[in-house]
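>>> with the sequence up front, the predicted model follows.
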Amino acid sequence: MGSASSTLTQYDIEDVQQHCNNLFSQQEIVSLYKRFCQLDRTAKGFISADEFLSVPEFAMNPLSQRLLKMVDGLNFKDFVIFLSAFSAKASMPQKIEIIFKVYDSDYNGKVTFKDIMEVLRDLSGSYMSDKQIEEVLIKVMQEAGYSKDSSLLLDDFVKILEHPGLKMEVEVPVD
Amino acid sequence: MASVACFTFRRRELLNKMSSSNLELDLDRPNIEDYLTTDSIQEPRGKLRLRDLLDISPTLTEAGGAIVDDSFTRCFKSNPPEPWNWNVYLFPLWCLGVVVRYGILFPVRVLILTLGWIIFLSCYIPVHLLLKGHDKLRKKLERGLVELICSFFVASWTGVVKYHGPRPCARPKQVFVANHTSMIDFIILEQMTAFAVIMQKHPGWVGLLQSTILESVGCIWFNRSEAKDREIVARKLREHVEGPDNNPLLIFPEGTCVNNHYTVMFKKGAFELGSTVCPIAIKYNKIFVDAFWNSKKQSFTTHLLQLMTSWAVVCDVWYLEPQNMKPGETPIEFAERVREIISARAGIKMVPWDGFLKYSRPSPKHRERKQQAFAESVLRRLEDK
């Protein structure tokens, strides 16, 4: 499935399904393939950053640049694996893992105070000063038992974020 | 859920406040809150905790949702027809159809079109050159001739057009607006009434036609890529509408071709001229061919050839009741109201996107609105104990 041809064989579908641990049904994978081909306008086999940004809803998202780093240049299989965290069947730790990866921009397995501040800067733009962000963050981190110098690991994230209200689900339209 | 209603109300307040403070922003303001699922907007309440700051799941869900499906891309999708000719009985029939369409219909149509052009040019050129002094008569004849050549065009694709409603008449202080699917919209409307239209300047033979023949009906050109162009165009529009002898003005406020299943936001230019706006709704029937011109995928020539080798182009045109701006209505509200009328009549859905996003990125102010909402929520919750 190197180049994005418009036909997807049953073998390909099952292969992709296996790789995403059955988090998507076969129909959903076919829909995702159609979407992948729609976004990959020049049929290169991957979607470039520019093509992602041509979706206005995505370009307007404050975290779009961070997500772009994670999705830019993915082939279809990896594209589905990335999106599988958004499936309703995905487990809580899987969803939290993707949140962790968004924060951990240097991929060293640790999220520092600075990393969190950068994400908060993306989310609040020019509407909160760095000083305000720092103050808020120090306060809530202290209340949770962390200091400014703490590094959070994935397990810490799971401990902090895991609660039944955490919903991160996207529905794949199946026509 | 009262809390969700509260939150969406607050966001609406915020958006209204922002949009009234800068009229320039209004041009591409989407009503995003109508399109977000309510379960991704939880009204955050209570003391701010680390979990609340770290939880970026709503924002990520929006981004993921946009990757998987978005209403903007859907507007420009040309759906390929489902193959129906796949069995022993239908396939030979389809092959016969292909032979008839390409072998018989197409040459006949080319002949008709050529005949039309010959008649048109042999009448138009003398009229244009010889009647230079008698402007009124010349314009009348030119108008009739343009309507004639458009009829020939429509015949060359076997256009089956049903016109509903009172035919447009040339009155001062009125403009016509219609939804846009392809450049043939203009030809279909032009064969009934010689409009002056405002269009994007095209290269090639279309551009040649634009600068010669269409110039005589009073067409106005613009260039999407030129920012300053907007003011010049607005001035030209106003001048045209105020001139009593000018042909009625036709504007496609979407600014780009959409696939006839959706309408994108109308640009306010046509709605702030202080004239009556007469909406026209056009709906194509995809039974024989999809008339959507995907300008990124095919040139106009290819598009025309595709139409000429299909059985027919079937469409409905509704001339709707003229609308005036209501007291206290802004041009944008007026534009949206007219868009609703046209969409309802044609049976197509409305989306809150600016058609020009096809060619450019959304402006940063959309992102800024989300950032402002986030910042205010955090700072407010800091006060809560």
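Everything's here; your move. Numbers count the residues shown, from 1 in each chain, chains lettered A, B, ... in the order given.
>>> any low-confidence regions in the stretch 101-250 of chain B?
Within the stretch 101-250 of chain B, the segments meeting pLDDT under 70 span B:226-228.
>>> tell me where it has strands.
B:159-164, B:174-178, B:196-200, B:220-222, B:249-251 (DSSP state E, counting those that start in this stretch).
>>> how many residues are close by the residue nearest to residue B:289 when sequence neighbours are not counted?
The shortest distance from residue B:289 to any non-neighbouring residue, by Cβ to Cβ, 6 or more residues apart in numbering or on different chains, is to residue B:310 (3.8 Å). Bear in mind the C-beta positions are built from the backbone N, C-alpha and C, glycine included. Using other Cβ atoms under 10 Å in any protein chain shown, residue B:310 has 19 neighbouring residues.
>>> list the contacts of residue B:310.
Listed by Cβ atoms under 8 Å, 6 or more residues apart in numbering or on different chains, the contact partners of residue B:310 are B:101, B:157, B:288, B:289.
>>> got TSV for the strands of the stretch 101-250 of chain B, with mean neighbour count too?
Converted to TSV, the strands of the stretch 101-250 of chain B look like this (neighbours: other Cβ atoms under 10 Å in any protein chain shown):
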stretch	mean neighbour count
strand B:159-164	15
strand B:174-178	24
strand B:196-200	21
strand B:220-222	18
strand B:249-251	24
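>>> may I see those arranged in TSV, with distance to chain A as well?
Formatted as TSV, the strands of the stretch 101-250 of chain B follow (distance: least, Cβ to the nearest Cβ, whole Å):
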stretch	distance to chain A
strand B:159-164	29
strand B:174-178	24
strand B:196-200	20
strand B:220-222	22
strand B:249-251	24
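>>> got JSON lines for these, with distance to residue B:353 too?
Output for those, formatted as JSON lines (distance: least, Cβ to Cβ, whole Å):
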{"stretch": "strand B:159-164", "distance to residue B:353": "28"}
{"stretch": "strand B:174-178", "distance to residue B:353": "18"}
{"stretch": "strand B:196-200", "distance to residue B:353": "19"}
{"stretch": "strand B:220-222", "distance to residue B:353": "20"}
{"stretch": "strand B:249-251", "distance to residue B:353": "19"}
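>>> follow-up on the earlier one: which one of the contacts of residue B:310 sits closest to chain A?
residue B:289 (20.9 Å; Cβ to the nearest Cβ).
>>> select from the contacts of residue B:310 the one having the most neighbours.
Most surrounded of the contacts of residue B:310: other Cβ under 10 Å gives residue B:157, at 25 neighbours.
>>> the nearest residue to that residue once chain neighbours are set aside sits in which helix or strand?
Computed as Cβ to Cβ, 6+ apart, the closest residue to residue B:157 that is not its neighbour in sequence is residue B:307, at 4.2 Å. Assigned by DSSP states H and E, residue B:307 belongs to helix B:300-308.
>>> going on from that helix, what's the next piece of helix or strand?
With DSSP H and E, the next secondary element past helix B:300-308 is strand B:313-319.
>>> starting at the chain centroid, how far to that next one?
Strand B:313-319 has its C-alpha centroid displaced from the chain centroid by 15 Å (Cα atoms, centre = their mean, to the nearest Å).
>>> what of stretch B:180-199?
Taking Cα atoms, centre = their mean, the mean C-alpha location of stretch B:180-199 is offset from the chain mean by 12 Å.
>>> could you dump that stretch to PDB, C-alpha only?
Output in PDB follows, covering the C-alpha atoms of stretch B:180-199 (Å, rounded to 0.1, in the frame of the first residue of the first chain):
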ATOM      1  CA  HIS B 180     -22.600  29.000  -7.800                       C
ATOM      2  CA  THR B 181     -21.700  25.500  -9.100                       C
ATOM      3  CA  SER B 182     -19.900  26.100 -12.400                       C
ATOM      4  CA  MET B 183     -19.400  28.800 -15.000                       C
ATOM      5  CA  ILE B 184     -22.300  27.300 -16.900                       C
ATOM      6  CA  ASP B 185     -24.600  28.900 -14.200                       C
ATOM      7  CA  PHE B 186     -23.900  32.100 -15.900                       C
ATOM      8  CA  ILE B 187     -24.700  30.800 -19.400                       C
ATOM      9  CA  ILE B 188     -27.900  29.200 -18.200                       C
ATOM     10  CA  LEU B 189     -29.100  32.400 -16.600                       C
ATOM     11  CA  GLU B 190     -27.800  34.500 -19.500                       C
ATOM     12  CA  GLN B 191     -29.800  32.800 -22.200                       C
ATOM     13  CA  MET B 192     -33.000  34.000 -20.500                       C
ATOM     14  CA  THR B 193     -31.800  37.600 -19.600                       C
ATOM     15  CA  ALA B 194     -28.700  39.400 -20.600                       C
ATOM     16  CA  PHE B 195     -27.100  40.100 -17.300                       C
ATOM     17  CA  ALA B 196     -24.000  41.900 -16.600                       C
ATOM     18  CA  VAL B 197     -22.000  39.700 -14.400                       C
ATOM     19  CA  ILE B 198     -19.000  40.100 -12.100                       C
ATOM     20  CA  MET B 199     -16.500  37.300 -12.500                       C
END
